[in-house]
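>>> Here is a sequence with its predicted model. Questions after.
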Amino acid sequence: MKKAHRAYLAFSLLLALLVFGFSTPRPHPPEPKLPEKSKSTAAELTPEQAFDLMMEVLTHKRCVNCHPADDYPRQGEDSHIHNFGVQRGPDNHGVAALQCQTCHQSENNNHAGVPGAPEWSLAPRKMAWQGLTRVEIARSMLNPENNGGRTLEETVHHLTEHELVLWAWEPGVDANGTPREKPPVPKAEYIKAVKTWAAGGAPIPEE
Amino acid sequence: MTISFNINGQPTSLEVDGDTPLLWVVRDMLDLKGTKFGCGKAACGACTLHVDGKAVRSCSYAVKYADGKNITTIEGLSNGDQLHPVQQAWMEEIVPQCGYCQPGFMMATAALLSEIPNPTDEDIDNNIVNVCRCATYYRMRKAIHRAAGLQSKNAKNQPS
């Protein structure tokens, strides 16, 4: 009888191990390490240092994936061309019957792994950042011919308040349920850096 | 929350968690089984239906977004007994093999023809990116061109 009881206990333990062992939540990847230079607060930075901090974000894949130099959005941590050859279309919102909003809505869908934010779309072709240096990106960003005629103040507003830009810090999970990588600078630090840079005359360093 | 919309011309009101995918509302609550579950990740297109005339992947479309809108599923594509040109063309070209993904393709095609009445092969390639594991793409391409012709013919025959 005792032997049978022990066997039952052993079986129960094995069953529990199987059930709970395999249902352990997927460990999230570690948060990206903050670059050394961003450990000081943005408020203490010179405009030049603020530029560096801002560019840590603007050259990150969460930004550049939607600023491609061609007509194909990028996706994923490896910035591959969007699955199924999804295209920019005439107004940056996709082609006639395959609009961004066919799949992307105004917020992330973490059940499906489909990202979303208000005005989900590609940046206009003139605002292509893919393949540009930080200096080239900054020059393009401040050029009214490229930036949609924005003043510096309007550019700062776009960079620090537009929901689609700030989505980079709330990027949700991918189709496998893995959290997307966030930019390497916390949002508040980034916003301060952009404002510090702009307030200091938006200096662009020499290449 | 209460969500109200028109589906296939019928006003409908439901108590539902707003984050429920529209697909499951359509299939399980409204018993319209023509719209299919494929991948659940907005990738394959089997769940395509129309929201305000635009193609939407309903597996990844929270029902809260549908409030106040007009939804059309494959069941509502025809005009009563008169088949939609896409349905007619699909039959004439005997497109389906297993058929599972075809409602999604047909809804995507209907959305395409409402935007581009005479699509080129390139238009078809760019706009219709659903997935068919039976690989009926060749027959679908023929059917899309045929549907465009039927649609044009129907438009000409309509009394002005």
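Received the coordinates, thanks.

>>> contacts and neighbour counts: CA atoms only from here.
Noted.

>>> which SS class is A:A138?
With DSSP: H, G, I helix; E, B strand; the rest coil as the basis, A:A138 sits in helix.

>>> List the contacts of the spatially most central residue of chain A.
Centroid-nearest residue in chain A, with CA atoms, centre = their mean: A:R62, separated by 2.6 Å. Contact analysis of A:R62 by CA atoms under 8 Å, 6 or more residues apart in numbering or on different chains lists A:A168, A:E181, A:K182, A:P183.

>>> Remind me which helix or strand it belongs to.
helix A:61-64 (DSSP states H and E).

>>> Mind listing the strands the next helix or strand after that helix pairs with, and their directions?
As assigned by DSSP H and E, the chain's next helix or strand after helix A:61-64 is strand A:74-75. With DSSP bridges as the test, strand A:74-75 is paired with strand A:80-81 (antiparallel).

>>> hmm, back to that, pLDDT value on the residue nearest to the centre of chain A, please?
According to the prediction, A:R62 has pLDDT 97.

>>> Ok, A:Y8 next?
On the pLDDT scale, A:Y8 gets 55.

>>> repeat for A:P25
A:P25 is assigned a predicted lDDT (pLDDT) of 41.

>>> give me the low-pLDDT residue ranges for chain A?
Applying pLDDT under 70 to chain A flags the ranges A:1-43.

>>> which parts of it sit against chain B?
A:84-87, A:95-98, A:101-103, A:105, A:109, A:111-114, A:175 (CA under 8 Å from any CA of the partner chain).

>>> Make a ChimeraX selection of the buried ones in those residues.
Of the residues of chain A next to chain B, the buried ones go into a single ChimeraX selection, burial set by 16 or more other CA atoms under 10 Å in any protein chain shown:
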select /A:86,87,95,96,97,98,101,102,103,105,109,111,112,113,114,175
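
>>> Identify those among the residues of chain A next to chain B that sit within strands.
Using DSSP state E, A:V95, A:L98 are the members of these that sit in strands.

>>> Report the residue ranges of every domain in chain B.
B:2-76, B:85-157 (automatic domain parsing).

>>> Check the separation of the first and last residues in the first one.
Terminal residues of domain B:2-76 lie 23 Å apart, using CA to CA, to the nearest Å.

>>> Tell me which helix or strand the closest residue to A:A193 other than its chain neighbours sits in.
Of all residues not flanking A:A193 in the chain, A:A50 sits nearest, at 4.6 Å (CA to CA, 6 or more residues apart in numbering or on different chains). In the assignment (DSSP H and E), A:A50 maps to helix A:47-58.

>>> How about the helix or strand B:Y138 falls within, which residues are buried there?
If you go by DSSP H and E, B:Y138 is part of helix B:137-157. Using 16+ other CA under 10 Å as the burial criterion, the residues of helix B:137-157 that qualify are B:Y137, B:M140, B:R141, B:A143, B:I144, B:H145, B:R146, B:A147, B:A148, B:G149, B:L150, B:Q151.
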